[in-house]
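**Student:** Okay, predicted coordinates and the sequence, questions at the end:
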There are 2 protein chains.
Amino acid sequence: MAEGVVTIHDVAREAGVSIATVSRALAGSTTVAAATADRVRRAAAALGYEPNRAARALVTGRGQSVGLVIPDLENPFYSSVAKGMQNRVRAAGLTAIIADTDEDVDREREVLGQLAADVDRMILASPRAADADLLALAARSRIVLINRSLPGVPAVTADNADGIRQAVGHLLALGHTRIGYAGGPATSWSDAERRAGLTVAVDAWRAQDRDVTIVDLGAFRPGPAGGVAAADLAIAEGVTAVLVFNDQLALGLLGRLGERGVGVPEAMSVVGFDDVPVARLLAPALTTVAVPAQRMGAAAVDLLLAEVPPEGAAARVPEPGPRVVPVELQVRRSTAQVPRG
Amino acid sequence: MAEGVVTIHDVAREAGVSIATVSRALAGSTTVAAATADRVRRAAAALGYEPNRAARALVTGRGQSVGLVIPDLENPFYSSVAKGMQNRVRAAGLTAIIADTDEDVDREREVLGQLAADVDRMILASPRAADADLLALAARSRIVLINRSLPGVPAVTADNADGIRQAVGHLLALGHTRIGYAGGPATSWSDAERRAGLTVAVDAWRAQDRDVTIVDLGAFRPGPAGGVAAADLAIAEGVTAVLVFNDQLALGLLGRLGERGVGVPEAMSVVGFDDVPVARLLAPALTTVAVPAQRMGAAAVDLLLAEVPPEGAAARVPEPGPRVVPVELQVRRSTAQVPRG
DNA sequence: ACCAATCCTGAAAACGTTTTGATTCGCGGA
DNA sequence: TCCGCGAATCAAAACGTTTTCAGGATTGGT
């Protein structure tokens, strides 16, 4: 902010037109003669004109930034999502406002309120808020959900059930019949979906007269600390394989298993979820369901920015349903055939 | 954005005063009678008034958001920095605009230009840009650097030299005399500082007539991929310990060492830098120099938001020098005594 | 030639705030 | 009684843009 800031008036003077024409020419609007538009563009470039976002926002009624609400930036999955979002947002010439809620529902409410004042478009990753609150928000702002689905609200979700299906299929193929599931927070929509997928997969297996028992190890905060608790439970329950809600948990679990002297994969197989960048670098490399986090973030932005249907035709346009992105099991070293005996 | 939005005019009407008075009362300004101020505040609260940021920004000449420029959100160190920044920014009632540069200098230039148009205060983490460009930017906007120092520009840096000193001290105490250094990008200021610290530490040791050789393994992109190249070099050079530019590199190095059948720490000790959250969870847990990333982010915000000295007194105020945050070696399992023979 | 239609452009209003000069009011001193 | 002064308030200007409305010029049809 200083003296040298060039406004639309300067461009207008330079080009010998009115500010209205400059505005139109630069907006690529119709109804401006090609020659004039060119002259304006040239003048703007020469002066290095940059429209003042605040002024534009004021008159258009808010607009050139989108909010990103993330549970925990230190969770690699979400930082990947954030990266994907931020990239796409900036590519669209907008700016990304980011907010971390620390996996806390109260903090989330607070953040949402604050953000709603600044921004009229936002992307919510794995929101913990109640359906009603989310719907109320959706009524005032344009929002897109990630890893949560709600009727009438556009969303991008991973194919959680299919991921679980792939994972248990893999484990069953290796001969495991007693499998633990270490879940995420009870409020997590993703966890609910994965549990549902789990029972479907298991039922299908049983329908073939095959044996399998799923041991619910409980719900854990999605950090490494939760994983160590899960590890002890897994050992106590005598399972030969553990399906884990996400890679963060798996990380802690793997560590604890090592401490307890339980070899992975010889004595215990472990399957994670997300395929965060470190997963392949662990020893043993983690078998996990790969979720394209960056792509999900980008997809959410696309959905958010997709042209809202013209007033009249609203009813005709297909409702923006949840975009379900495919996931794919990455088989690595943390899973092996069930130990004999 | 809709009908129900309440403006300063509504508050003024409700309180029976002019909008000017409302503005002053809410700003906590002087020259407004206590009774009036109270009445205004009550009215504002009753109506749920939220000042329009765009309008305010327009008249005050830009203002209520700060930009955060990060080389790579997927690098856990930076996502921690981002988390710390974002927290503090939001606590101050501002909003954080985030931008990822993909560790690319051209991308960084582009981002900087784009951001400078939106924001007049920004925090640059490990910028790759040339000194001159940074100074030019600092002249126009208020900026704070992280992990880079430049005369006249406020900055928060880690005590890189001390970190290296601690690390080599540890390695020397364990009997290592042939130590490899796997560096970061040549353009990295942090790497330059660490290399400088390295020669100082080594010289001090030699002054005591002790033997030590540092083998420069080269410069690597700061991702796990760089680490595998470094691992092969380390083996080829016959070092018994490797000091690594950052934990990301160490991750790749550890993995490659495992593949090559080189036991850590029995055959090779490894020391990382940063202490990203996964470092303690690896097998073996990584010995590394802990850098308080979140705190650095928060400190940068504090520096950025510190009141700029009143016009006149400019010369008297101590220049905001670099805040150097202390670092601390975390000794874990990836380092051990030098192997015999 | 004239009228209508089309195309382009400009003047001015509007957006919601902060801030700058007035202006009013009450009060103490002369 | 009058004057001046400080305190509290207000009306209006300004910020830089988009957008509406109206006007002027050019064209085409008759």
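**Tutor:** That came through, no problem. Residues are numbered from 1 along each chain as shown, chains lettered A, B, ... in the order given.
**Student:** Tell me which residues touch residue A:277, please.
**Tutor:** A:76, A:80, B:74, B:224 (Cβ atoms under 8 Å, 6 or more residues apart in numbering or on different chains). C-beta: built from backbone N, CA, C; applies to glycine.
**Student:** So which of these wins on neighbours?
**Tutor:** Most neighbours among the contacts of residue A:277, by other Cβ atoms under 10 Å in any protein chain shown: residue A:76, with 28 neighbours.
**Student:** Skipping its backbone neighbours, what lies nearest that one in space?
**Tutor:** Leaving aside its sequence neighbours, residue A:76 sits nearest to residue A:276 (Cβ to Cβ, 6 or more residues apart in numbering or on different chains; 3.9 Å).
**Student:** Just the pLDDT for that neighbour.
**Tutor:** Note for residue A:276: predicted pLDDT of 95.
**Student:** mind listing what it touches?
**Tutor:** Applying Cβ under 8 Å, 6+ apart to residue A:276 gives the contacts A:76, A:77, A:80, A:247, A:248, A:293.
**Student:** quick one: average pLDDT of the longest helix along chain A?
**Tutor:** With secondary structure taken from DSSP state H, chain A has its longest helix at helix A:189-207. Helix A:189-207 shows a mean pLDDT of 94 in the predicted model.
**Student:** All the strands of the stretch 201-341 of chain A, in order from the start?
**Tutor:** With strands called from DSSP state E, counting those that start in this stretch, the stretch 201-341 of chain A shows them at A:213-219, A:241-244, A:269-274, A:287-290, A:323-325, A:328-330.
**Student:** Which positions in the stretch 51-200 of chain A make contact with chain B?
**Tutor:** Proximity of the stretch 51-200 of chain A to chain B, by Cβ under 8 Å from any Cβ of the partner chain, involves residues A:52-55, A:57-58, A:61-62, A:65, A:68, A:72-74, A:76, A:79-80, A:82-83, A:86-87, A:90, A:95-100, A:111, A:114-115, A:117-118, A:120, A:140-141.
**Student:** quick revisit: so of the contacts of residue A:276, which ones are in helices?
**Tutor:** In this view, the contacts of residue A:276 that belong to helices under DSSP H are A:76, A:77, A:80, A:247, A:248, A:293.
**Student:** mind listing what the closest residue in space to the last one that isn't next to it in sequence touches?
**Tutor:** This means residue A:293. Nearest residue to residue A:293, sequence neighbours excluded (Cβ to Cβ, 6+ apart): residue A:80, at 3.5 Å. Under the criterion of Cβ under 8 Å, 6+ apart, the neighbours of residue A:80 are A:276, A:277, A:293, A:294, A:297, B:73, B:74.
**Student:** For residue A:80, give its distance to DNA strand D.
**Tutor:** Distance of residue A:80 to DNA strand D, computed by Cβ to the nearest atom of the strand, to the nearest Å: 34 Å.
**Student:** Ok, residue A:199 next?
**Tutor:** 52 Å.
**Student:** How many residues are close by that residue?
**Tutor:** Residue A:199: 12 neighbours (other Cβ under 10 Å).
**Student:** Now it: closest residue in space that isn't a chain neighbour?
**Tutor:** residue A:214 (7.9 Å).
**Student:** my guess is that neighbour contacts residue A:200, does it?
**Tutor:** No - in this structure, residue A:214 is not within contact of residue A:200 by Cβ atoms under 8 Å, at 11.6 Å.
**Student:** Between the two, point out the one with more neighbours.
**Tutor:** A direct count of neighbours by other Cβ under 10 Å for residue A:214 and residue A:200 places residue A:214 higher, at 17 against 14.
**Student:** which residues does that one bridge with?
**Tutor:** residue A:179 (DSSP bridges).
**Student:** Ok, residue A:142 next?
**Tutor:** Beta-bridge partners, per DSSP bridges, of residue A:142: residue A:121.
**Student:** contacting residues for it?
**Tutor:** Contacts of residue A:142 by Cβ under 8 Å, 6+ apart are A:120, A:121, A:122, A:304, A:308.
**Student:** quick one, helices of chain A?
**Tutor:** With DSSP H as the criterion, chain A has helices at A:8-15, A:19-26, A:34-47, A:53-60, A:76-91, A:105-118, A:131-140, A:160-173, A:189-207, A:224-237, A:247-259, A:293-305.
**Student:** Which positions in chain A make contact with DNA strand C?
**Tutor:** A:16-21, A:24, A:30-33, A:35-37, A:55, A:58-59, A:61 (Cβ under 7 Å from any atom of the strand).
**Student:** Just give me the neighbour total for the nearest residue to residue A:138 once chain neighbours are set aside.
**Tutor:** Setting aside the residues directly before and after it, residue A:138 is nearest to residue A:153 in space (Cβ to Cβ, 6+ apart), at 4.9 Å. Per other Cβ under 10 Å, the neighbour tally for residue A:153 reads 22.
**Student:** shaky segments in the stretch 201-341 of chain A?
**Tutor:** A:307-322, A:341 (pLDDT under 70).
**Student:** Those residues of it touching DNA strand D, which are they?
**Tutor:** So the stretch 201-341 of chain A never meets DNA strand D (Cβ under 7 Å from any atom of the strand).
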